[in-house]
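**Q** Just to be clear, the model below is a prediction. Sequence and coordinates:
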Amino acid sequence: MDIFQLQGYAYFGLVTLMVVILYSYIYHLYSSEKKGTKDFEKYGNMALNDEIDDAPVEKISKDEKK
Amino acid sequence: MENRPLEYDYTVAKMFMLTTVLLGAVGMLIGVILASEMAFPGVNTMLGSLGLNEFTNFSRLRPLHTDSVIFGFTLSGIFATWYYVGQRVLKVSMAESKLLMFLGKMHFWLYILVVAAAVVSLFMGITSSKEYAEFEWPIDIAVVVVWVTWGLGIFGLIGIRRERSLYISIWYYIATFLGIAMLYLFNNMEIPTILATSPAGETGIGAWYHSVSMYSGTNDALVQWWYGHNAVAFGFTVPIVAMIYYFLPKESGQAVYSYKLSLLSFWGLMFVYLWAGGHHLLFSTVPDWMQTMGSVFSVVLILPSWGSAINMLLTMKGEWQQVATSPLIKFMVLASTFYMFSTLEGPIQAIKSVNAIAHFTDWIVGHVHDGTLGWVGFMIMAALFHMAPRVFKRELYSKSLMGTQFWIQTLGVVLYFTSMWIAGITQGMMWRAHDEYGNLAYSFIDTVTALHPYYTIRAVGGLLYLIGFFMFAYNIYKTMTSGRRVEESELQSASPMAA
Ligand code: HEM
Ligand code: HEM
């Protein structure tokens, strides 16, 4: 097997791996919302309530000083 | 001073808004000159009597057009919106950090220096001859400094944020930063000729500012189009998606339709885009499997692209009357429609048998401009229209002017891409037509004659777009200087605009 063939197989393997990762991510997104551990849709409000004195959707806990 | 309530600080955003408008006008003006030169070759020598032919001919002006619209107009738009959106969705003001303010201003002034150097050197004909990477090494180094300064600003702001999660737009801005950094560095690996030794033993070759690429032949082509294609990805797509994910929801008052879909499209886009560059090199000397991969990934690319675009259209669900009433929403909805359009057209052109006809023809130029004029241009102008009342605390000067601009420019884009489709396919078919013995049916000049009407139509379309851009510039200028002053409460969602 020469280097080019090796490159081809390595490339194919990498692509397959990344497809698996991507699909697991999709599964994670939807299942964690179904189980109620996470609510992704609330993040959409970050664009709507973006005045500096609006309450953050999720506050950074350390940041209480200001 | 001490007790003034905290406010967002748009100083740097305003500076970049100015360059967006100025460099956009210059770049598009040059575009119209180029288009006229192709329709009427005499324009190439219009300043001949002054002995200035060198500066007006097509080949000298073309890189000035591409670089001023990409690295001038588009990049300024990206920076302007970053310095606006970044603060707002992270809920932190630049006024809170002297360092970030300083970095922001330094970013702007260094950028201006690079722009000046680039414009002067390109006008003088100094170029490394790689498309979209024409700058010579001293400018490249300065570009890296500008980019790093921007990066420090991004991560600095993220570091002091109040909002724990990063809004989807921020992800896209970060991807823009990282993507371009990687691409630019790799593609511009070059050696100043003055340090090189020729096979014959000569040293100190050429002017100090000249350089040669570190790659050659097929490798050079591969790196160049890996860069070129992803410059489209991370300059014309990713940051523009960042803008629409913020400005459309904000202007319409509707949260993004599906936040999950936006995350998914983000990773999909990142994953697929980097592999698609091979479609610029079909039928060339790069390995066959790489060309096929390029084609396949191009087709797959429809999915994440449409994922974002459809998400935007669905964000308008139940609120479609806004498209009729607000010209600002019109710009954004048409932008995402043109995004869908060019990301369908691109994959079609990436199919090998189609590319055999399309490559080297005007169809590609048509594809480029339905993407850039319809998607990039419209979205950046919409973003600035949305920002203007908020950064100047004034009402938009004229809604009717905005509406007129919309229709003039839409007509301009349509004339541009339809003429280029016909021209491109005509050209592609004529080049390959042959008789039963394999003799070519047409000579090159036959195609030039056949294309003349379409080149003229393109020049007219381009001129309409340019006129619209001047209307935009005027509207922003009048907003800044004489718009009615508005209260904070009028700026919640839909932008206030005077009839
Ligand atoms: C799914 C997305 C897309 C795909 C698969 C795609 C595919 C292609 C293909 C096949 C070419 C022609 C290569 C050739 O034969 O020379 C091309 C050229 C080009 N496309 Fe796209 N395209 C996409 C989206 C876009 C978008 C959204 C823009 C801009 C806003 C854009 C800008 C360009 C540019 C500037 C070129 C010309 C490069 C050059 O030759 O200088 N593309 N694209
Ligand atoms: C007033 C509007 C414009 C006109 C009339 C115009 C005209 C032109 C012309 C005549 C060319 C040369 C095509 C050739 O070599 O055959 C060109 C190339 C190009 N323009 Fe524009 N342009 C306009 C606006 C823009 C904008 C706003 C952008 C980007 C944001 C843009 C990006 C490009 C790019 C990337 C190329 C290189 C295409 C390639 O290599 O295939 N143009 N334009």
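**A** Perfect, thanks for sending it. Numbers count the residues shown, from 1 in each chain, chains lettered A, B, ... in the order given. Ligands and ions are numbered 1, 2, ... in the order given.
**Q** Going by C-alpha atoms from here, please, whenever you check contacts or count neighbours.
**A** Noted.
**Q** that's a strand at residue B:212, yeah?
**A** Yes. Assessed by DSSP: H, G, I helix; E, B strand; the rest coil, residue B:212 belongs to a strand.
**Q** if I read this right, it contacts residue B:194, doesn't it?
**A** No. At 10.0 Å, residue B:212 does not count as touching residue B:194 under the criterion of Cα atoms under 8 Å.
**Q** For these two, list the residues in contact with both.
**A** Jointly contacting residue B:212 and residue B:194 under the rule Cα atoms under 8 Å, 6 or more residues apart in numbering or on different chains is no residue at all.
**Q** how many neighbours does residue 19 have?
**A** Let's take chain A. Using other Cα atoms under 10 Å in any protein chain shown, residue A:19 has 14 other residues around it.
**Q** could you do chain B instead?
**A** Residue B:19 has 20 nearby residues by other Cα under 10 Å.
**Q** List the contacts of it.
**A** By Cα under 8 Å, 6+ apart, the contact set of residue B:19 is B:72, B:73, B:76.
**Q** Figure out the helix or strand that it lives in.
**A** Secondary structure assigned from DSSP states H and E places residue B:19 in helix B:11-39.
**Q** quick one: buried residues of that helix?
**A** For helix B:11-39, a neighbour-count test (16 or more other Cα atoms under 10 Å in any protein chain shown) marks B:11-39 as buried.
**Q** Which residue lies nearest the spatial centre of chain A?
**A** residue A:25 (7.1 Å; Cα atoms, centre = their mean).
**Q** In contact with that one, which residues?
**A** When contacts are counted by Cα under 8 Å, 6+ apart, residue A:25 is found next to residue B:264.
**Q** From the buried residues of helix B:11-39, list the ones also adjacent to ligand 2.
**A** With Cα under 6 Å from any ligand atom as the criterion, those include B:28, B:31, B:32, B:34, B:35 near ligand 2.
**Q** I'd say the third one and residue B:459 touch.
**A** So the one you mean is residue B:32. Yes. Residue B:32 lies in contact with residue B:459 (Cα under 8 Å); the separation is 6.1 Å.
**Q** Which ones among the contacts of residue B:19 also lie next to ligand 2?
**A** Counting by Cα under 6 Å from any ligand atom, no member of the contacts of residue B:19 is near ligand 2.
**Q** any chance of the residues you listed in a markdown table, plus distance to chain A?
**A** Below are the contacts of residue B:19 laid out as a markdown table (distance: Cα to the nearest Cα, whole Å):
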| residue | distance to chain A |
| --- | --- |
| B:72 | 27 |
| B:73 | 25 |
| B:76 | 22 |
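**Q** Count the residues that sit near residue B:321.
**A** 10.
**Q** Now it: phi and psi?
**A** In terms of degrees, to the nearest 10, the main-chain angles of residue B:321 are phi -60, psi -20.
**Q** so who does it touch?
**A** Counted by Cα under 8 Å, 6+ apart, residue B:321 has zero contacts.
**Q** how near is the closest residue to residue B:496 other than its chain neighbours to ligand 2?
**A** Here the nearest residue to residue B:496 in space, its sequence neighbours aside, is residue B:395; by Cα to Cα, 6 or more residues apart in numbering or on different chains that works out to 5.3 Å. Per Cα to the nearest ligand atom, to the nearest Å, residue B:395 is found 26 Å from ligand 2.
**Q** got it, and residue B:250?
**A** Taking Cα to the nearest ligand atom, one finds residue B:250 at 24 Å from ligand 2.
**Q** What strand or helix carries that residue?
**A** Going by DSSP H and E, residue B:250 is in helix B:238-252.
**Q** is that helix up against ligand 1 anywhere?
**A** No. Against ligand 1, helix B:238-252 shows no contacts by Cα under 6 Å from any ligand atom, the least distance being 9.0 Å.
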